[in-house]
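> Predicted model, plus sequence, below.
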Amino acid sequence: MNIAKVIVDVPASSINQTFDYYIPERFQEILENGMRVIVPFGPRKIMGFVVGRVSESSFKRLKEIVEVLDLTPVLTNELLDLGKWVANETLSLSITALQAMLPQVLKAQYEKELIRMTDAELPEPFETLFAGRDVISFDEFAGSTVSYYQLQKVIQEGDISIEYLVKSKITKKYVTKIAASRPAHLLEEALLDLSPSAKKQKQLLRFFIENETSIEQKKLLQLVNTTTSTVKALMDKGLLETKREEVFRNPYNDAEIERTNPLTLTEEQQIAINPINEAIDSQYHDVFLLHGVTGSGKTEIYLQAIQNVINKGKEAIVLVPEISLTPQMVKRFKGRFGANVAVMHSALSAGEKFDEWRKIQRKEVQVVVGARSAVFAPFENLGIIIIDEEHETTYKQEDQPRYHARDVSIHRGEYHQCPVILGSATPTLESYARASKGVYKLATLNKRTNDKPMPKVDIVDMREELHAGNRTMFSRKLKESIELCIERGEQVVLLLNRRGYSTFVMCRDCGHVKECPHCDIALTYHKNSNQLKCHYCSHEESMPSACPECQSKLIRYFGTGTQRVEEAITQLIPEARVLRMDVDTTRRKGSHEKILKQFVDRKADILLGTQMIAKGLDFENVTLVGVLTADSMLHLPDFRSSEKTFQLLTQVSGRAGRHELTGEVIVQTYTPEHYSIVLASEYNFNDFYNKEMNTRRIFQYPPYFYLALITISHKNRVKVIQTSQQIAQLLMRQLQQDTVVLGPTPSPIPRIKDRYRYQCMIKYRNEPDLRVYIRKIVEQFADEVRKDDLLITVDMQPYHLM
Ligand SMILES: Nc1ncnc2c1ncn2[C@@H]1O[C@H](COP(=O)(O)OP(=O)(O)OP(=O)(O)O)[C@@H](O)[C@H]1O
Ligand SMILES: [Zn+2]
Ligand SMILES: [Zn+2]
């Protein structure tokens, strides 16, 4: 078995396969699957992952592995298989899928160092190698005669550690600790033997006689007021010893987080958790959809299910959307499980992320709470996977590999025979439909744990405001409620639903929105040509100068930012203290937390923000939630726009009245009759679900149909059009009768960075070989992709339709 199968880091489709390399003598004993290696490839040396070992190759004259980067595998066999599966499902390269599973630090090639972790004698070759130093470069080892096998053994013993140097900074920190190397009574004997002049040495020894602990050297020197030479003198006498210990950079101070105990579950919660616990106990895989209104205690169910998993010695993955991964959220998990929790968050530095990942890899924690990519946590004994706010579209990765964390979770759940929990107050139609069919098990929580009703929602028709002469973005009702709320000393959350603004065209008089006559989807305004376009069916028309419904001249496209809203509030309600939270004010690390803390400390009356304030936040003093423009998302060229609107309104309403005080919600809109707004205001998920499912069936969208989106881009527009047409024709030849290929049509954003973009959308019910067809078709263009800068991207089950 001296030949390794390696997936190499070359991002081109023609080499999406393994290559055979000969394993030189010095690596034979240590090389395992999941290790990274350096191999020659053409004229270069590149990185690759070992995915197998064989004794024969069909190729003659194999090249040799040059270097082994890891002495413990960074990917388990399960993850290697998962990588293959992800690559296949998402039509991406294996190397891309594998790299997506690893922290940044391991993706690039960094310099490495060997660090001595003990002052005890190391096996001989290492003493010579270190020659009295604590740290040596890895290259020095590689250039020596010491074997990799020997190194692997001392690493396993914990006497030497390998470090990756991130941007010339050591990724980890160490402290030197001092401890007595003999029991106290022997230290006392030694004390008597010390010469009377060695006062400091005596003082130091007494410290260890009285305190039988190890202590950080720096602290010790301060306490006893002495220097390292005193320590050294006692070490030379064999009385003290030093040990280097790793300090994990801990972005969350575990010690400061107050521990919480499990709450007694309500009856609803108990009924919901029972089947989940049964799956954990009997070790079988099932997907549970936990549909619970905001504030119904879903998180408590997660916590108690995880406790059950921990008790069984198993591990848990909890996924939460990036923007909900607030300190508040982390605290709930650390409060229950303390240091047994790793947190994977994009705001952590590369080094911090690596530390958290290592805790998982070394089995130092049993729980990880993280955003999308935490689904690849290298646990080997999973007992549960939880996806909170399962409807969030951020669970879908928007570049290669374009995987959905939900699909990956279910795949891992099958492998580990453990339950997967999808939780939401507003599940996706896809998940709810599966639950209705019995594919997933449904659990419902209808009541808030505080037994208070959901806050009452008032819909304000902004067209009437305009007719009454109010041209501000605040209705009279909202303005008055804000003033009253501030007077009572309570707080307001204001949502500016900005996503997708400025692209749709609406009449400010009657609320009419221009839609495509064939697709029932808002047309996109293209500023350059002053045209309205549909990118589902290529329909086009020119921008009207008057509203086709009411002839008003006030028809225009929209554009507003939080900054302008902030100015408007201060003009309208000068006494209001406003905190603004959007991409601009949260760009710097920690600013997100700072704003929330200021709000909790009541340093402001109003928290004004975009989508990021709608989720997961829990403020005691918030009694009013205002939505400035509920419909701004409704007219996005996206068949999910109603669903997203319903979800957002429900989520943001859930921020009010979560505690003692009763909450109130005011929703401003130009389309007060739209079902997603009306039904959200009534918290009526079921009617919304039925109505929306009907629409999806009629227009052949998910969950009735699956989608695949192929986007073609190139600098030359003609070439893009030709290629797209060729692709569409090739597809059409292969596909079933009831499969629809829409397009080619220009992408919603038809040109990015001077590249023209066209797309083909495939709607299908059953195409078992679709991936194979697409792969083959894309391969036909491989030459042009490589030489002519043509770009073809494929997104299976797209969420982002731009
Ligand atoms: N069994 C219980 N008894 C008493 N209080 C509970 C119980 N379960 C949960 N709670 C409390 O109820 C509140 C709401 O619960 P939680 O945040 O878990 O709900 P949620 O469904 O996750 O809400 P959201 O979807 O809005 O984030 C929390 O303050 C929580 O501590
Ligand atoms: Zn009109
Ligand atoms: Zn159309």
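It's in. Ligands and ions are numbered 1, 2, ... in the order given.
> all strands of the stretch 1-150 of the chain, in order?
Counting by DSSP state E, counting those that start in this stretch, the stretch 1-150 of the chain has strands at residues 3-8, 18-22, 36-41, 44-54, 67-68, 111-116, 135-137.
> Quick one: work out the angle between the longest one and strand 3-8.
Right, strand 44-54. Relative orientation of strand 44-54 and strand 3-8, computed by axes from the mean of the first three to the mean of the last three Cα atoms, to 10 degrees: 130 degrees.
> what angle sits between strand 44-54 and strand 18-22?
On the basis of the same axes, to 10 degrees, strand 44-54 is oriented at 90 degrees to strand 18-22.
> Sort out which residues of strand 44-54 are buried, please.
Buried residues in strand 44-54, counted by 16 or more other Cβ atoms under 10 Å: 46, 47, 48, 49, 50, 51. The C-beta positions use only the backbone N, C-alpha and C, and glycine is treated the same way.
> out of these, which one sits closest to ligand 1?
Within the buried residues of strand 44-54, proximity to ligand 1 (Cβ to the nearest ligand atom) peaks at residue 49, which comes in at 38.4 Å.
> related to what we said a few turns ago, quick one: closest of the strands of the stretch 1-150 of the chain to ligand 1.
Proximity to ligand 1 (Cβ to the nearest ligand atom) singles out strand 44-54 among the strands of the stretch 1-150 of the chain, at 38.4 Å.
> and that closest one, which strands flank it?
Strands that pair with strand 44-54, judged by DSSP bridges, come out as strand 3-8 (antiparallel), strand 36-41 (antiparallel).
> Might you enumerate the residues of the stretch 151-300 of the chain proximal to ligand 2?
Residues of the stretch 151-300 of the chain lying near ligand 2 by Cβ under 5 Å from the ion: none.
> near ligand 1, which residues of the stretch 151-300 of the chain show up?
263-266, 269, 292, 294-300 (Cβ under 6 Å from any ligand atom).
> Let's have those in CSV, adding secondary structure, neighbour count and pLDDT.
Formatted as CSV, these follow (DSSP: H, G, I helix; E, B strand; the rest coil; neighbours: other Cβ atoms under 10 Å; pLDDT from 0 to 100):
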residue, secondary structure, neighbour count, pLDDT
263, coil, 12, 94
264, coil, 8, 94
265, coil, 17, 95
266, coil, 16, 94
269, helix, 23, 96
292, strand, 24, 94
294, coil, 23, 85
295, coil, 22, 86
296, coil, 25, 91
297, coil, 21, 93
298, helix, 25, 95
299, helix, 21, 95
300, helix, 20, 96
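> The buried residues of strand 44-54: which two are farthest apart?
Greatest spatial distance among the buried residues of strand 44-54 (Cβ to Cβ): 46 and 51, at 15.3 Å.
> before we move on, back to that, could you single out the most deeply buried of the strands of the stretch 1-150 of the chain?
Of the strands of the stretch 1-150 of the chain, the one with the most neighbours on average (mean count of other Cβ atoms under 10 Å) is strand 3-8, at a mean of 23.
> Just the mean pLDDT for it, thanks.
The average pLDDT for strand 3-8 rounds to 94.
> Surely residue 233 is in contact with residue 202?
No: taking contacts as Cβ atoms under 8 Å, residue 233 lies outside contact range of residue 202: 11.1 Å.
> And stretch 449-469, what's buried?
Going by neighbour count (16+ other Cβ under 10 Å), the buried part of stretch 449-469 is 449, 452, 454, 455, 457, 459, 460, 461, 462, 463, 465, 466.
> again, but for stretch 215-232
In stretch 215-232, counting by 16+ other Cβ under 10 Å, buried: 215, 217, 220, 221, 224, 226, 230, 231.
> Check those residues and tell me the two furthest apart.
Farthest pair in these (Cβ to Cβ) is 215 and 230. Separation: 14.0 Å.
> residues from the stretch 351-500 of the chain in reach of ligand 1?
Contact residues (Cβ under 6 Å from any ligand atom) of the stretch 351-500 of the chain with ligand 1: 425, 449.
> same thing but 5 Å
Proximity of the stretch 351-500 of the chain to ligand 1 is confined to residue 449 under the rule Cβ under 5 Å from any ligand atom.
> Any stretches of the stretch 351-500 of the chain with poor pLDDT?
Applying pLDDT under 70 to the stretch 351-500 of the chain flags the ranges 498-500.
> Can you show me the strands along it?
367-370, 382-388, 420-424, 441-445, 456-461, 491-495.
> Could you point out which of those strands sits nearest residue 506?
Closest approach to residue 506 among the strands of the stretch 351-500 of the chain (Cβ to Cβ): strand 456-461, 13.8 Å.
> Sheet-wise, list the partners of that closest one with their directions.
Within its sheet, strand 456-461 is paired with strand 664-669 (parallel), according to DSSP bridges.
> and the helix or strand hosting residue 330, how far out from the chain's middle?
Applying DSSP states H and E as the criterion places residue 330 in helix 327-337. Computed by Cα atoms, centre = their mean, to the nearest Å, the separation of helix 327-337 from the middle of its chain amounts to 17 Å.
> got the angle between that helix and strand 382-388?
Put simply, helix 327-337 runs at 150 degrees to strand 382-388, going by the same axes, to 10 degrees.
> got the buried residues for helix 327-337?
327, 329, 330, 332, 333, 334, 335, 336, 337.
> Among the residues you listed, find me the one that's closest to residue 792.
Lowest distance from residue 792 to the buried residues of helix 327-337 (Cβ to Cβ) belongs to residue 329, with 38.8 Å.
> measure that closest one to residue 709 for me?
32 Å (Cβ to Cβ, to the nearest Å).
> can you pull out the strands in the stretch 651-800 of the chain?
For the stretch 651-800 of the chain, strands defined by DSSP E, counting those that start in this stretch occupy the ranges 664-669, 706-714, 740-752, 755-764, 791-796.
> Can you say which of the ones you listed is nearest to ligand 3?
strand 740-752 (8.8 Å; Cβ to the ion).
> could you give me the average pLDDT of that closest one?
Strand 740-752 carries an average pLDDT of 82.
> which outside residues touch it?
Here strand 740-752 makes contact (Cβ atoms under 8 Å, 6 or more residues apart in numbering) with 524, 526, 533, 535-538, 637, 700, 705, 711-713, 721, 724-725, 727-728, 731-732, 735, 756-764, 801-802.
> Residue 219: what secondary structure?
Here residue 219 is helix, with the state taken from DSSP: H, G, I helix; E, B strand; the rest coil.
> And residue 626, by the same measure?
strand.
> From the chain's centroid, how far away is stretch 197-216?
49 Å.
> In terms of secondary structure, what does the lengthiest helix in the chain contact?
In the chain, with assignment by DSSP state H, the single longest helix is helix 717-734. On a contact count with 3 or more Cβ pairs under 8 Å, 6 or more residues apart in numbering; DSSP states H and E, helix 717-734 meets strand 706-714, strand 740-752, strand 755-764, helix 770-780.
> Does ligand 2 have contacts with stretch 488-508?
Yes: residues of stretch 488-508 contacting ligand 2 under Cβ under 5 Å from the ion: residue 507.
> distance between the ends of that stretch?
34 Å (Cα to Cα, to the nearest Å).
> how far is that stretch from where the chain is centred?
Relative to its chain's centre, stretch 488-508 lies at 26 Å (Cα atoms, centre = their mean).
> How about the backbone phi and psi for the residue of the stretch 201-350 of the chain found nearest ligand 3?
Closest residue of the stretch 201-350 of the chain to ligand 3, Cβ to the ion: residue 321 (30.8 Å). As for residue 321, its main-chain torsions (degrees, to the nearest 10) stand at phi -60, psi 140.
> shift numbering so it begins at 255
With 255 as the first residue, the last one maps to residue 575.
> For residue 828, which of the strands of the stretch 255-404 of the chain is the nearest?
Across these, residue 828 has its closest neighbour in strand 365-370 (57.6 Å, Cβ to Cβ).
> Which residues does the closest one contact?
With contact meaning Cβ under 8 Å, 6+ apart, strand 365-370 is reached by 323, 376, 384, 387-392, 394-395, 405, 413-419, 424, 428, 498.
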